[in-house]
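> Everything below, folded, please.
(2 chains)
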Number of protein chains: 2
Amino acid sequence: MNPYQAPLKDMQFLLEDVFEATSTWQQLPELSEMVDIDTALAILDEASKISRDLIHPLNRTGDEQGVVHEGDNIITPDGFKEVYTQFSEGGWVGLCGDAEFGGMGMPKMLGILVDEMGYSACNSFVLYSSLTAGAALCINAHANEELKNTYLPNLYSGQWAGAMDMTEPHAGSDLRGIRTKAVPQDDGSYAITGNKIFITGGDQDLTENVIHLVLAKLPDSKGISLFLVPKIKVNKDGSLGESNGVTVGSIEHKMGLKASATCVMNYDSAIGYLVGEPERGLVCMFTMMNYERLAIGIQGLGNAQAAYQMASEYAKERLQGVAAGVKPTGVSDPIIVHGDVRRMLLTIRAMTEAGRALSVLTGKQLDLAKYAEGDVKAKAAQYVGLLTPVAKAFLTDRGLDATIMAQQVFGGHGYIRETGIEQFVRDTRIAQIYEGTNGIQAIDFLGRKVTGDNLETLTLFVNESIHTLNQLTHVKPEHVEVVTLRLNALLTTATYINDNKLSQPALINACAVDFLDAFGYTLYGYFWLIMADKSTDNVDTDFATQKRYLCDFYIDKLLVKADYHLAQVNNGDASIMQMPAEMF
Amino acid sequence: MNPYQAPLKDMQFLLEDVFEATSTWQQLPELSEMVDIDTALAILDEASKISRDLIHPLNRTGDEQGVVHEGDNIITPDGFKEVYTQFSEGGWVGLCGDAEFGGMGMPKMLGILVDEMGYSACNSFVLYSSLTAGAALCINAHANEELKNTYLPNLYSGQWAGAMDMTEPHAGSDLRGIRTKAVPQDDGSYAITGNKIFITGGDQDLTENVIHLVLAKLPDSKGISLFLVPKIKVNKDGSLGESNGVTVGSIEHKMGLKASATCVMNYDSAIGYLVGEPERGLVCMFTMMNYERLAIGIQGLGNAQAAYQMASEYAKERLQGVAAGVKPTGVSDPIIVHGDVRRMLLTIRAMTEAGRALSVLTGKQLDLAKYAEGDVKAKAAQYVGLLTPVAKAFLTDRGLDATIMAQQVFGGHGYIRETGIEQFVRDTRIAQIYEGTNGIQAIDFLGRKVTGDNLETLTLFVNESIHTLNQLTHVKPEHVEVVTLRLNALLTTATYINDNKLSQPALINACAVDFLDAFGYTLYGYFWLIMADKSTDNVDTDFATQKRYLCDFYIDKLLVKADYHLAQVNNGDASIMQMPAEMF
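From the prediction side, this is the model:
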């Protein structure tokens, strides 16, 4: 099996041709100072080498060895520390970090492509740096200058890592019930006491310190506040001091992600510092959550891409049976001749390439929301809100689909650990659950983002999409028609939900997942038309042909899934809600 | 978490009310001698206790310990041997075996319900006995009297086990390429030499002997023949003799089924005995394959049932959030109040109960094909052919869906090994692959069973189903209408495939999976109407209410999936076949 190869050509195509990075960045002074397309492509090229040569080789051994909890230490598998050090020294942890504090200041629409490569190469490895970047983002947005100056440079440099401590045994999707306490101290700090579970990267042996962002309650307060709690105290001069009452109770034994330390964390009067305003912890945490939610979507995408590469390579080499309609000669054909194998591979590929478009578009809107001004900034913020839950849920659900289909291409060999594809199934499964289950994402999408503003954002997005489709000159008019039909159907169905949400309070919860899926399948149709159109003039005519074939396949075979999901939504919640709980 | 409980009430309902076991058995003298409904229910009751109290406790420890290959020995996890001995002594291995040779002669429509309980309790355990029963079936159908007398009683008693040796490294789905050789010996036996892979239960420490059914080629023959090859030679008097050149090369490390020994088998001039005619080995093996295919379908079903029990119990206990439209009181509700959780649980349950109907119907047709006479027998044989690939593929695909949805209900806890649900995901995944991948099943279904007789069997089945639906008096007429619509749509689409199969040779392969899924979703609609109808007069009015609610849910939410899959088929194979292999 060949090593992982980043799809650089597809990435460049999306950046340059589909989402017009050059003109976008030129309009954003802060970004245009830092990056142009040549720099961006050079970064992608370097990231592809690191993913292939350094990170990917850790993947299988990491799964076999797993993380070990020995005494007070969490020991990562062989090679993790060395590669993490190299990765950090290359500046990759701080790639999109604030340049004022030592980050590289790169745009998100570039950063997510680097993230994708990492997840394709080794999920467990990339989680450590991804959570660090997320923690830094949250600190940069909400903490005071002293905390920023003390913590950000060491987070961006990868010397310290970050973690996000939300969940407690009785408070997962519903954080109201958290019991961790924060008691104010005379010096303005807080003493944090409590237990957290499912803390990814809660501790490890990769970095000198771990900076926890911990949700806790102030005395006599129902509201939730956010605290920065270092594993090891930091002295005034920035050097490391004593340990801080932050210990690992145990690590979880999981279905996958075995090289990622998922910790039970105990806080015993640990010193913490308030981040943001008291009782506004969830708002602050959401800065990090939104970032992580997109990153976790990218996990699904990266896994799908890796699965495609493995399965398509196998399908071109494995000889079994002969092509239909061909007289057997005694020689077998590669299984890529079989329609059912092609169907699976085309499905993975068409979904993954459109998924990458979703991730770059979401990244671009994050950049606009951060660096643009006025109306452009405001609209981008709306689109970030709309697209983030979709990117998280749809990319990870399709990531699981992709790894399972790829495993099927391998037949019996796909079930054997040595082949490696089953690890991707196990590793990617968690992405549908953590950082808010995909059900929670869908409820956020339909309840807050779609109907929360009485369809204003959705209407804007749909109309803009239809307008864009009508400008395309190199695609089949009947393809534009069928996608436009679904875009309008989304609005019609959303109107039905919005009109009935008060009289039928269970409607949104019961229909949310299907509405999100309908949106996703429709959106991917939109992306395929744009990609087919924009590739027409590509100097590589094979590249253009592939995009046209994939667009045909998508419109022919996959777009219609949107109808199924919309039909579900339009049938409402009656048959879901009528059975009493005790009959389950 | 409560231990597994067999759904006895649902099983009795299917046997007695839906598929009318009593009147069916009364018409079959050989069966009515052996069994009546009271005996059948007593057997189910006893099987439920064994599944719960003996087999289920092996499941988690079996996964943690796994099978070990030590020297020449395969060592199963703690408790497997003791329970297997008890299970065998209870007569469960020979439950449906031929009474002439020591089997219990029970009908298949009863046996598959016992199988389901076993798979719900512990997949790895039940595979050992299931393959033994399959091997016995094949020997009984094709071997000579001497072989039958020597081997069947010990297989039915569970003293010896059976295995099916087909796959070689370069011959999986396509068996033409097998290289194992069988050289005739002077005494009428054959010397078998070659290597087989992926041999479930190829060896173990549960039984005294393992009887392999091995596909091999005679000298200068392209055809494939079938041989019975014991691990340990059997003397004329039936006692065990010397070992027979049958050794385990290694065992596979797999995604799941860790307590089931998947062996690489080496044959070095091992003595074997021809089963059936020379060069007719595949035909003989298909007797076993068809039996195993149904059994593997039941694996998917049993896993879905176990997953439902775990997830519904969790959903009724886990407190998170409050019901939509209710003012928060500070007290959380169990998550069963949330529409999205109910949607997942209802989907698993509606699919699983209809899946059980499919399994009992297929079992009933197997019984009729075996024990009935004349036209009834002939038609049943047609239906067995039609339904077996559907039962294998559709039940196992939905089995994976069910375990994944159940895992999602558990949130983060579902990813932790201790919770147990992730094991079902890993264990059930193989069922979509082995005994012929689900793609192969679909091609068999559409290519041989549906279009192979120019739609004769399908037409008969569809018309009979529509006729049955029109007799129902306790269901909503609009429900009958929508299912009838899909049944007719199946015929229309099948006609399109049949009319074009010669001019478009890739059509069947490319569209087979979607056609099978469309058939499955339609068939389940048919089952739900029958179940809703037949339950109306049940003395347990709650039982009837549940069936009505589930029928509503199925028709409202799931039946429409058939349309999506039919649309795929009707769009043909052009977009699947147009991309050249090198572009993948």
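
> And the strand or helix carrying A:Thr150, what's buried?
In this assignment (DSSP states H and E), A:Thr150 forms part of helix A:145-156. Judged by neighbour count (16 or more other C-beta atoms under 10 Å in any protein chain shown), helix A:145-156 contains these buried residues: A:147-148, A:150-156. Any C-beta I mention is one placed from the backbone N, CA and C, and that applies to glycine too.

> go on, stretch A:232-248?
Along stretch A:232-248, the positions that meet the burial threshold by neighbour count (16+ other C-beta under 10 Å) are A:232-234, A:244-248.

> Not counting its own residues, what contacts that stretch?
Residues lying outside stretch A:232-248 but in contact with it, judged by C-beta atoms under 8 Å, 6 or more residues apart in numbering or on different chains, are A:69, A:72, A:74, A:150-151, A:154, A:192, A:202-203, A:208-210, A:212, A:229-231, A:261, A:263-271.

> change it to 6 Å
The set of residues external to stretch A:232-248 that reach it, using C-beta atoms under 6 Å, 6 or more residues apart in numbering or on different chains, is A:150, A:202-203, A:209, A:230-231, A:263, A:266, A:268-271.

> cool, and stretch A:220-229?
Counting contacts by C-beta under 6 Å, 6+ apart, the residues outside stretch A:220-229 that touch it are A:182, A:190, A:192, A:212, A:214-216, A:218, A:270, A:272-273, A:275-276, A:278-279, A:281-282, A:284-285.

> residue boundaries of the strands in chain A?
Counting by DSSP state E, chain A has strands at residues A:68-70, A:73-75, A:160-165, A:181-184, A:190-200, A:209-216, A:225-230, A:232-234, A:240-243, A:246-251, A:262-275.

> among the helices and strands of chain A, which has the poorest mean pLDDT?
The helix or strand with the lowest mean pLDDT-type score in chain A, counting by mean pLDDT, DSSP states H and E, is helix A:281-317 (a mean of 92).

> what's that helix packed up against?
The criterion is 3 or more C-beta pairs under 6 Å, 6 or more residues apart in numbering or on different chains; DSSP states H and E, and the helices and strands that helix A:281-317 contacts are helix A:108-121, helix A:123-142, strand A:225-230, helix A:339-371, helix A:374-409, helix A:421-429.

> okay, the ones you listed in a markdown table with mean neighbour count and distance to B:Glu478 next?
Output for the helices and strands packed on helix A:281-317, formatted as a markdown table (neighbours: other C-beta atoms under 10 Å in any protein chain shown; distance: least, C-beta to C-beta, whole Å):
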| stretch | mean neighbour count | distance to B:Glu478 |
| --- | --- | --- |
| helix A:108-121 | 28 | 47 |
| helix A:123-142 | 25 | 48 |
| strand A:225-230 | 26 | 54 |
| helix A:339-371 | 25 | 34 |
| helix A:374-409 | 23 | 32 |
| helix A:421-429 | 26 | 39 |
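
> Columns distance to B:Asn463 on top of the ones you listed, output as CSV?
Shown next, in CSV, are the helices and strands packed on helix A:281-317 (distance: least, C-beta to C-beta, whole Å):
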stretch, distance to B:Asn463
helix A:108-121, 51
helix A:123-142, 52
strand A:225-230, 66
helix A:339-371, 29
helix A:374-409, 34
helix A:421-429, 41
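
> Take those and write them to TSV, including mean pLDDT.
Formatted as TSV, the helices and strands packed on helix A:281-317 follow (pLDDT from 0 to 100):
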stretch	mean pLDDT
helix A:108-121	98
helix A:123-142	96
strand A:225-230	98
helix A:339-371	97
helix A:374-409	97
helix A:421-429	98
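
> Indicate which one of those is closest to A:Gln65.
Comparison of the helices and strands packed on helix A:281-317 against A:Gln65 by C-beta to C-beta identifies helix A:123-142 as nearest, at 10.6 Å.

> could I have that closest one exported to CSV, CA atoms only?
Listed next in CSV are the C-alpha coordinates belonging to helix A:123-142 (Å, rounded to 0.1, in the frame of the first residue of the first chain):
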residue,chain,number,x,y,z
ASN,A,123,-6.1,11.2,13.8
SER,A,124,-4.7,10.7,17.3
PHE,A,125,-1.6,12.8,16.6
VAL,A,126,-3.4,15.8,15.2
LEU,A,127,-5.9,16.0,18.0
TYR,A,128,-3.1,17.1,20.4
SER,A,129,-2.2,20.1,18.2
SER,A,130,-5.8,20.9,17.1
LEU,A,131,-7.0,21.3,20.7
THR,A,132,-4.0,23.5,21.4
ALA,A,133,-4.8,25.8,18.5
GLY,A,134,-8.5,25.9,19.7
ALA,A,135,-7.5,26.8,23.2
ALA,A,136,-5.2,29.5,22.0
LEU,A,137,-8.1,30.9,19.9
CYS,A,138,-10.3,31.1,22.9
ILE,A,139,-7.7,32.7,25.1
ASN,A,140,-6.9,35.2,22.4
ALA,A,141,-10.5,36.1,22.0
HIS,A,142,-11.5,36.3,25.7
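
> That helix and chain B in contact?
No: for helix A:123-142 and chain B, the contact criterion (C-beta under 6 Å from any C-beta of the partner chain) is not met; the two come no nearer than 12.8 Å.

> Could I get the buried residue list for the least confident helix or strand of chain A?
Residues of helix A:281-317 classed as buried under the neighbour-count rule (16+ other C-beta under 10 Å) are A:281-282, A:284-285, A:287-312, A:314-315.

> from the chain's centre, how far out does that helix sit?
5 Å (C-alpha atoms, centre = their mean, to the nearest Å).

> which one of the buried residues of stretch A:232-248 is nearest chain B?
Among the buried residues of stretch A:232-248, A:Val248 lies closest to chain B (C-beta to the nearest C-beta), at 15.9 Å.

> just to revisit the earlier point, what is the nearest of the buried residues of helix A:145-156 to chain B?
Using C-beta to the nearest C-beta, A:Leu155 comes nearest to chain B of the buried residues of helix A:145-156, at 25.1 Å.

> That closest one is in contact with A:Leu137, isn't it?
No: under the criterion of C-beta atoms under 6 Å, A:Leu155 is not in contact with A:Leu137, lying 9.6 Å apart.

> Where does the stretch 51-200 of chain A get nearest to chain B, which residue?
For the stretch 51-200 of chain A, the residue positioned closest to chain B under C-beta to the nearest C-beta is A:Asp174, at a distance of 4.1 Å.

> and that residue, how many neighbours does it have?
A:Asp174 is flanked by 17 other residues according to other C-beta atoms under 10 Å in any protein chain shown.

> Now do the contacts for it.
Contacts of A:Asp174 were listed using C-beta under 6 Å, 6+ apart, and they are B:320-321.

> now with 10 Å?
With contacts taken as C-beta atoms under 10 Å, 6 or more residues apart in numbering or on different chains, A:Asp174 has the following neighbours: A:440, B:318-322, B:332-333, B:335.
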